[in-house]
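Novice: A predicted structure for the sequence below; I have some questions about it.
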Amino acid sequence: MNTQVVKITDIKSNPNNPRVIKDEKFHKLCESIKAFPKMLELRPIVVNDDMVVLGGNMRLKALRHLGLKEAPIIKASDLTDEQQRQFIIKDNAGFGEWDWDMIANEWDTDELEEWGVDVPVFKMSKDQQGTDTSEYDFENFDQTGFTTIRVVLPDDQAQELIERIDMMKGSKNTSEYIYEHFCN
């Protein structure tokens, strides 16, 4: 499979793409493409023989938004319909996990955020400020063997956490995430 550059107007978005991108993440994607356009050559959009995107729908959306006229693609001509369906899902599945200790010690957080990595922010309440956070044990194992973590956040931060947990469902660490959201 060779990479080729084609007109963006020749590429068709996949109407069956199960992934969406929200405003802030879309903005980050656009910014990352502007800052590092060579990335597109290294990770081209994958299309089938009909030029329908199998992998890279969000990148295509960003390219259109940025007004670019061409994009690198790879044609996956030898895939069956079933393999194409698998590719669409597997290309979007997050199999790995970040090593947050390494991230914290060896990478610049601002730079990572510029590159589109969602770096978690842990904020202490005024009651906790000035205390040694290493004394806190956030993991408690309940009778089912699941880890229970109780976090109290403002509604907007709680919603963001719920969305991130929803994205993590199916992770190899647990088969189920249980969370509660209490509003005042």
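Specialist: Done, it's in. Residues are numbered from 1 along each chain as shown.

Novice: where does the protein dip in pLDDT?
Specialist: Scanning the chain for pLDDT under 70 picks out 1, 94-96, 121-152, 169-184.

Novice: And the strands in it?
Specialist: 3-7, 45-47, 53-55, 70-75, 140-141, 147-148 (DSSP state E).

Novice: Out of those, which gets nearest to Glu160?
Specialist: Closest to Glu160 of those, according to CB to CB: strand 147-148, at 19.9 Å. Just so you know, the C-beta spots here come from the backbone N, C-alpha and C atoms, and that holds for glycine as well.

Novice: got a list of what Leu40 touches?
Specialist: Residues in contact with Leu40, defined by CB atoms under 8 Å, 6 or more residues apart in numbering, are Ile33, Arg59, Leu63, Ala71, Pro72.

Novice: distance of it from Ala62?
Specialist: 10 Å (CB to CB, to the nearest Å).

Novice: Check Ile8 too.
Specialist: From Ile8 across to Ala62, the span is 11 Å (CB to CB).

Novice: who's more crowded, the two?
Specialist: Taking other CB atoms under 10 Å, Ile8 and Ala62 do not tie; Ala62 has more neighbours (22 against 16).

Novice: Tell me who's in contact with the more buried one.
Specialist: Contacts of Ala62 (CB under 8 Å, 6+ apart): Phe26, Leu29, Cys30, Ile33.

Novice: try it again with 6 Å
Specialist: By CB atoms under 6 Å, 6 or more residues apart in numbering, the contact list for Ala62 reads Leu29, Cys30, Ile33.

Novice: And the protein, what are its domain boundaries?
Specialist: 3-92, 123-184 (automatic domain parsing).

Novice: so which of the strands of the chain comes closest to Asn14?
Specialist: Going by CB to CB, the one of those nearest Asn14 is strand 53-55, 4.6 Å.

Novice: Can you tell me which helices and strands the closest one packs against?
Specialist: On a contact count with 3 or more CB pairs under 6 Å, 6 or more residues apart in numbering; DSSP states H and E, strand 53-55 meets strand 45-47, helix 81-92.
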